[in-house]
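In: sequence? don't have it. structure:
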């Protein structure tokens, strides 16, 4: 009996969704694109740290330029997790001027890096997604370059 009621309920749900009204507004006026809108153009959108030692330098910068006409205002930068902290300029970036989004990754976490930073602004191409990639490894005794003992095997000095 339970199976019959469950099947009936599922059939009612499916038929109800098939006959639901699908409202589309095709005659609504679309806002005109602003030809003078700012455009944010990054030199690069991905930074590869390569291999970084634990507690190493996890900072990088993404340089961008306002290639539009009106001033560019970055409203927010968010990262995909708390281990990545972005900093961005709060003042407007004028036409043709450049600035940077600085990103600090917590390199006390060992393992691969694959994080995203979303940059929101008043630009016509907003939001822009930046990525950082790489790998954090433990620093071991074999990862340190051994110093050469100058008393053994040193080349003779010519007189």
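Out: Great, that's in hand. In this text the structure is predicted, and so the values were computed from the model without any measurement.

In: what residues of stretch 38-48 count as buried?
Out: Buried positions in stretch 38-48, judged by neighbour count with 16 or more other CB atoms under 10 Å: 38-41, 47. The way it works is simple: take the backbone N, C-alpha and C, and place the C-beta from them, glycine included.

In: pull up the distance across it, start to finish.
Out: 28 Å (CA to CA, to the nearest Å).

In: quick one: which of the buried residues of stretch 38-48 is nearest to residue 74?
Out: Of all the buried residues of stretch 38-48, residue 74 sits closest to residue 40, with 8.0 Å by CB to CB.

In: need the contact list for that closest one.
Out: For residue 40, the contact set (CB atoms under 8 Å, 6 or more residues apart in numbering) comprises 64-67, 72, 74, 119, 121, 123, 125-126, 128.

In: and the strands in this structure?
Out: 40-42, 46-53, 59-66, 74-79, 84-87, 98-105, 111-121, 128-137 (DSSP state E).

In: same list (the ones you listed) but as CSV, adding mean pLDDT and distance to residue 33.
Out: Shown next, in CSV, are the strands of the chain (pLDDT from 0 to 100; distance: least, CB to CB, whole Å):
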stretch, mean pLDDT, distance to residue 33
strand 40-42, 91, 16
strand 46-53, 91, 28
strand 59-66, 93, 17
strand 74-79, 91, 19
strand 84-87, 91, 28
strand 98-105, 93, 24
strand 111-121, 91, 16
strand 128-137, 92, 17
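
In: dump the ones you listed to CSV, plus distance to residue 7.
Out: CSV is the format used below for the strands of the chain (distance: least, CB to CB, whole Å):
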stretch, distance to residue 7
strand 40-42, 54
strand 46-53, 51
strand 59-66, 55
strand 74-79, 45
strand 84-87, 49
strand 98-105, 53
strand 111-121, 44
strand 128-137, 45
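
In: residue 120 - how many residues pack around it?
Out: For residue 120, the neighbour count with other CB atoms under 10 Å is 15.
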